[in-house]
Each structure stands twice: as structure tokens, then as C-alpha cells.
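K.L.:
need the 3D shape of this:
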Amino acid sequence: MTSSRLVDGIEGDIDRAAKALLRQQRADGHWVFELEADATIPAEYVLLRQYLGEPDELELERKIGVYLRRIQCDHGGWALFHGGALDISASVKAYFCLKMIGDSPDAPHMAKARSAILGHGGAGQVNVFTRILLAQFGELSWAHVPTMPVEIVLLPRWFPIHLSRMSYWARTVIVPLLVLAALRTRARNPRKVGIPELFAKPRPKVTNKAGHQHRGWALFFNALDRVLKVADPLWPKSLRRRAIDRSVAFVKERLNGEDGLGAIYPAMANTVMMFDALGYPPEHPERAMARRAIDRLLVVREDEAYCQPCVSPVWDTALASHALLEVQGEEASAAARRGLDWLRPLQELDVKGDWAERRPDVRPGGWAFQYRNAHYPDLDDTAVVVMAMDRARRTLNAGEAAPAGDVAAIARGAEWIAGLQSRNGGWAAFDADNVDHYLNNIPFADHGALLDPPTADVSARCVGMLAQLGEPSSSPVMRAALDYLEREQLADGSWFGRWGVNYIYGTWSVLCALNAAGLESTAPTVRKAADWLISIQNQDGGWGEDCTSYKLDYRGYEPAASTASQTAWALLGLMAAGEVEHPATQRGIAWLRQTQDETGLWRQDAYTGGGFPRVFYLRYHGYPKFFPLWALARYRNLLRANTRRVGYGM
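P.N.:
You can find the predicted model right below:
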């Protein structure tokens, strides 16, 4: 099919998708779509209520039970993403939750789950955070939990194990957890439900070495753990009290109103349990506020319910605005500007968050992912918001003035991003130079995500933003960044995608950045990446990639079913590489048009968002709503333009 024939009728497809997106804009101008993880957090929510001994909410429990039974996999357990393999920790929590709300262990779905769990070694094989939960409920001894003494909060900054050396999410989750581990308060568990049947007999020895951990480091830290277990009762009570007070002060400073500590569920839940363990009554203002923050994460439908890990309004609004600016037209452009008007006051200009530990002289200027998270804005959101504001400013009609605050907001956001560039030239999500990789070997880090190092996808977004704002590629900040991206390209031409699944996401991100920075489509780096995208296109015309691509022994792309968001990323990447009229691009556009449903949108059950590789994935319900629209509109615009070059940073 030629490009001229392919574009026939595309206007109607774009219009239907744009109208569907417009219908979901909130009255105040923003968008927020559901953000779904796996069974873990809905199960933890129910168990949290039982830990606290809260009054029964049987209808909510019933709906969460419906959700958990629906997502139980054919293998009997629960996976970390749609269609994935059994995850032992998620499966144990889901089973425990269902038993807690009244499901009989003899019910077929429970028997099947129990058999699958025991077939994978039983509940003794769960990860560290699940072991802590089981210890709180008396199902496992605290001796099986790695020791992290709360006194580490008192250590000096130079010490090899220090909170400032960890990622923001690790910091906010661990600090209240240190208090809980020190106090070892038992869950109230008024229903007296346990899960002894999930433990293999005899119980196998619990191992403290995860697949990503180096054997030498693991031996060292496991030996240290044994020493700490012996020393734990010997800590001076005054020192422990001071450490707990320091931890509580850390949490209270960052409590973040009804958006919660770190604005992420695990930190928020640990905060409430910490307040409870310290004797704060439910009506205490800080505990009550922290508890309300958790309920704001619930998604309650007519027949089922689940709890989100966090919410994504800034990210959703910025990306939806980009898509609508690509659509053009009065209605779409006006909606995008309303979204940007909503975003503008959310820029953090006053609080120097944890990122200032390494960059104390940089002024605040970022946006967070959630509604509010002043201590933890992120580089990715900030770059995307700044690019959207700059783009909206460029598309004003003659005589129209940009909103007064846009120029200042753009400049301040760019200043903050430039100031958080890491020494290797790249950018991380929340911090600069958070690269003490040995920390991922401590027993507490069996998830392998204790750090926030620079990644290609976030770095690409920052490069795209700077280039869009006119930063020359010869400047020191850009030169270092482009060198970093060149070093990070894999031999097959792709780039790793830390926050999206996976190499398709990373490759799209970097191709957009390189285009914005002025690299020609004939440049070897660009050519190699475009050829890789073309080579992995599915026969149906779409693109897909599975979350298993994050496995430690990754040896190259493995085919997966086409998805709307990943197809859109591949198309946007190819168009940034100058391949607007390539047959692969045309087939991809045709696939999007053929799979658009009667509502104007695309169906997508796949998890294409990254949380923690190999541990935690996300299904962004907004991705199939704005990314395919963006790709279709860009294709139309480039075919109608005098140039085939994309004029923006993403």
C-alpha cells in the first residue's frame, strides 16, 4: 500500500481517537488513567487492614477477591504481568489475601494455587519484603529476615551503606520499615488466619542471594547479617530511641499530605504501620492523613476493585497534551493548553528534595509523576512537560501570547535538568550519580533495584528537551550526553528501556533525542537503530516485546505479540530516523488503523511500563489511548509537510 493510499481516511481515525481522549479529560484540564500492577498491592491492602485490625469492609473485600481470582493465571499462581510466569511472592500474598477474606483452602482455585506455590518451593522462597510481612503475621521467624538495624539512619554520609546512596523509592520504603523491624509489632489479625499449608515440609533453608547478586558480595553481606543478628539485642536503648526518632522525623518531613510518603503504596503502607507500632491512635492527624492517602489509590468498580501502586496524573497529562498538539486543530490544541495550564502550578520551585544531597547548589524546578511529591520530582516528567510547554508556545497563532508563566517554567525546568546530569553524561530518574552498585548485593536488595543510575531512556528525554530548546550539540552538557547514549547502544543497535518495556521503548526514546540533536538519518548510530526496529517488526505489521526481555541472561530480541503502545513507539522512532515512507512504517500505521476499535481507542492488556526490572511491572491504561494517536497524527503531518524531519524532542 502506498503512503498516499494509506493516508486516505486517516483523518477520520485520528479524529475518533482524539475525541475519545478528549472525553477523558477532567474538568480542571488534567488526565489521569489507571495504573495497574500485579496481585501484590491489592493483596497487601487487605492484609494491611488486618494488620491494623480495622473494621471490616466486606463489600470492598469481595470486590478485591473478584479481581484477584480474575487475574489468577492458568498455572495456578499469580504473575508479575499479563501472561507471565508464576511469581512466588505475588502468589503467596494473593493466596493469603483470599484466605483472609474467606475463600476456603479447599476451593478449586485455592487448591490449584497452593499446589503451584508448593511446586515452586513454598512460601519459604519469597522475597525479603514478603518475608517481613509473613514475620509480622507470625508465619515466619524474624530470624529469616535480613537484619537492617534502624541505627543505620545515624551513620555519616561517607559510610558505604547510607540512605543517601539509595534510590528515592528505597529510601522512603526502608526508613519506616527499619522502625517496624526494630519494634517487630505483631499483626492484630483479628480473624486469626494463617497460611502454614504454603510452607514446604521440611521447610527448606532460606537463601539470601538473589540472581543478580555477586557471590563474593553475597557471602560478605550474609556474614555481616549474622553478626548484626547477634549484635541486635545489644544496641544501647538510647541509641535505638535516637535512631527511631530520626526515622520518624525523616518520614514526617516528607509526609506529603494525602498524597503520602513518596506517593507510592509501599512507603505509604509502611508509614501507617510505623505510626501504629509507635502507639499513634487512628485519629492522630498524621496517622489519619497517611491512612487516607492509601485509600486514594483504590480503583473501585461495580464488580471488582484493586489498589494502584501510585497515580500518574502529571505523566498522563503531559503525554496526552503532546499527542493532542500533534493532532492539531482548534479543539485538540485548546485541550492540550488546558492540560498545560493544570501542570504549570505543579512545578516544584521551593523544596530542595533529596536530590539536593548531591547537587546542593541546583535550584528546584522539576515536576513529579504524581499530584504532589515535592521532595521527589523526576527528570523524565520534567523533560516531557517542558517539551510540551515549549511546543505549545511554538504553535500559537500570530498575535497570540504564551501564558505568562510558561517562559519562566520552561527555563527553570531546563536549569534543574541540566544541573542533575550525572558524571557519566547521562541522567537518572530522580538523583544524580546514584551508582553505588555494590549496594544491590545487600540481602535487603534481593529485588535488585536499590539504586537509580542513569539510563538511556531518561537521558534521551533530557537530551531531546535540551535540543528542542536550542542547546547546541557541541555544548559540554550535550556532548557528554550524546557520548553517553552512543556508549549505551547495544551491538544490535537497540537501547535498554528502564521505565518502559523495553528495548523498543529505549530505542524510540534515543532516536527522538538524536534527531532533535541534529544527527542525520544516515549516521551509523541512527541507521543501526532503525534497522533493528525494522528487523523485529511482526508479520502482522505491529511491534511487541515481553517483560521477560528484562531477564539477566538477555541475548537479544525475542518475538512477542503486537501491542498498540509498542507499535506506536516503534513508529515514532522510525519517523525520527527519517523512515516516514519506509514499508515497515506503512505496515505499522496500517496495523494501528486496523486494530482501532469502535470507541476510537485500542485494546491493550499487556504490561508495557517498567517499575523494577524482573520484580515489578506496570500496565498504564493511558498508553493505548495517546501513543497510537500520536503516531497516526505524526505520520499524517510528516506526509503533508515539506520536510520529513521531526521538529521536536520526542
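K.L.:
please count neighbours and contacts with C-alpha atoms only from this point.
P.N.:
Noted.
K.L.:
show me which parts of the helix or strand where Ile14 lies are buried, residue by residue.
P.N.:
Ile14 is part of helix 10-23, with elements assigned from DSSP states H and E. The neighbour-count check on helix 10-23 (16 or more other C-alpha atoms under 10 Å) flags Ile10, Asp13, Ile14, Asp15, Arg16, Ala17, Ala18, Lys19, Ala20, Leu21, Leu22 as buried.
K.L.:
now the residues you listed as JSON lines including pLDDT and distance to His621?
P.N.:
Putting the buried residues of helix 10-23 into JSON lines (pLDDT from 0 to 100; distance: C-alpha to C-alpha, whole Å) gives the following:
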{"residue": "Ile10", "pLDDT": "95", "distance to His621": "24"}
{"residue": "Asp13", "pLDDT": "97", "distance to His621": "20"}
{"residue": "Ile14", "pLDDT": "97", "distance to His621": "19"}
{"residue": "Asp15", "pLDDT": "96", "distance to His621": "20"}
{"residue": "Arg16", "pLDDT": "97", "distance to His621": "18"}
{"residue": "Ala17", "pLDDT": "97", "distance to His621": "15"}
{"residue": "Ala18", "pLDDT": "98", "distance to His621": "16"}
{"residue": "Lys19", "pLDDT": "97", "distance to His621": "17"}
{"residue": "Ala20", "pLDDT": "97", "distance to His621": "14"}
{"residue": "Leu21", "pLDDT": "98", "distance to His621": "12"}
{"residue": "Leu22", "pLDDT": "98", "distance to His621": "15"}
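K.L.:
please identify which pair of those residues lies farthest apart.
P.N.:
Greatest spatial distance among the buried residues of helix 10-23 (C-alpha to C-alpha): Ile10 and Leu22, at 18.1 Å.
K.L.:
quick check: Trp78 touching Tyr95?
P.N.:
No. Using C-alpha atoms under 8 Å as the test, Trp78 is too far from Tyr95 to be in contact (9.1 Å).
K.L.:
those two: who's more crowded?
P.N.:
For Trp78 versus Tyr95, the count of surrounding residues by other C-alpha atoms under 10 Å is larger for Trp78: 32 against 27.
K.L.:
as a markdown table, the buried residues of helix 10-23 with distance to Met166 would be great.
P.N.:
Shown next, in a markdown table, are the buried residues of helix 10-23 (distance: C-alpha to C-alpha, whole Å):
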| residue | distance to Met166 |
| --- | --- |
| Ile10 | 48 |
| Asp13 | 46 |
| Ile14 | 44 |
| Asp15 | 46 |
| Arg16 | 45 |
| Ala17 | 41 |
| Ala18 | 41 |
| Lys19 | 43 |
| Ala20 | 41 |
| Leu21 | 38 |
| Leu22 | 40 |
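K.L.:
let me know the helix or strand that Glu61 is in.
P.N.:
Glu61 is part of helix 58-70, with elements assigned from DSSP H and E.
K.L.:
what's near enough to touch the closest residue to Leu571 other than its chain neighbours?
P.N.:
For Leu571, ignoring the flanking residues on the chain, the nearest one in space by C-alpha to C-alpha, 6 or more residues apart in numbering is Thr585 at 6.0 Å. Contact analysis of Thr585 by C-alpha atoms under 8 Å, 6 or more residues apart in numbering lists Leu571, Leu574, Met575, Glu579.
K.L.:
how near is the first one to Phe33?
P.N.:
Here the distance between Leu571 and Phe33 works out to 23 Å (C-alpha to C-alpha, to the nearest Å).
K.L.:
what's the helix holding Glu61 in contact with?
P.N.:
Residues contacting helix 58-70 (C-alpha under 8 Å, 6+ apart): Ala39, Pro42, Val46, Ala94, Leu98, Ile101, His109, Val300, Asp303, Glu304, Ala305, Tyr306.
K.L.:
at 7 Å what do you get?
P.N.:
For helix 58-70, contacts defined as C-alpha atoms under 7 Å, 6 or more residues apart in numbering pick out Ala39, Pro42, Ala94, Leu98, Ile101, Asp303, Glu304, Ala305, Tyr306.
K.L.:
so which elements touch the next helix or strand after it?
P.N.:
Downstream of helix 58-70, the first helix or strand assigned by DSSP H and E is helix 88-100. If contacts are counted by 3 or more C-alpha pairs under 7 Å, 6 or more residues apart in numbering; DSSP states H and E, helix 88-100 sits against helix 40-52, helix 108-119.
K.L.:
most packed of those?
P.N.:
Highest mean neighbour count among the helices and strands packed on helix 88-100 (mean count of other C-alpha atoms under 10 Å): helix 40-52, with a mean of 22.
K.L.:
so it versus helix 58-70, what angle?
P.N.:
With axes from the mean of the first three to the mean of the last three C-alpha atoms, to 10 degrees defining the directions, helix 40-52 sits at 140 degrees from helix 58-70.
K.L.:
check the offset of helix 40-52 from the chain's centre.
P.N.:
Between the centre of helix 40-52 and the centre of its chain there are 21 Å (C-alpha atoms, centre = their mean, to the nearest Å).
K.L.:
possible to save the contacts of Thr585 as CSV with distance to Leu450, secondary structure and pLDDT?
P.N.:
Shown next, in CSV, are those (distance: C-alpha to C-alpha, whole Å; DSSP: H, G, I helix; E, B strand; the rest coil; pLDDT from 0 to 100):
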residue, distance to Leu450, secondary structure, pLDDT
Leu571, 33, helix, 98
Leu574, 34, helix, 98
Met575, 36, helix, 98
Glu579, 39, coil, 96
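K.L.:
could you dump those to CSV with distance to Ile71 and neighbour count?
P.N.:
CSV is the format used below for the contacts of Thr585 (distance: C-alpha to C-alpha, whole Å; neighbours: other C-alpha atoms under 10 Å):
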residue, distance to Ile71, neighbour count
Leu571, 31, 32
Leu574, 35, 28
Met575, 37, 27
Glu579, 39, 21
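K.L.:
redo these as TSV? Include distance to Glu197.
P.N.:
Converted to TSV, the contacts of Thr585 look like this (distance: C-alpha to C-alpha, whole Å):
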residue	distance to Glu197
Leu571	50
Leu574	53
Met575	55
Glu579	58
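K.L.:
which of those residues sit farthest apart?
P.N.:
It's Leu571 and Glu579 that sit farthest apart of those, by C-alpha to C-alpha, at 8.8 Å.
K.L.:
just to revisit the earlier point, wasn't the residue nearest to Leu571 part of a helix?
P.N.:
Yes. Counting by DSSP: H, G, I helix; E, B strand; the rest coil, Thr585 is part of a helix.
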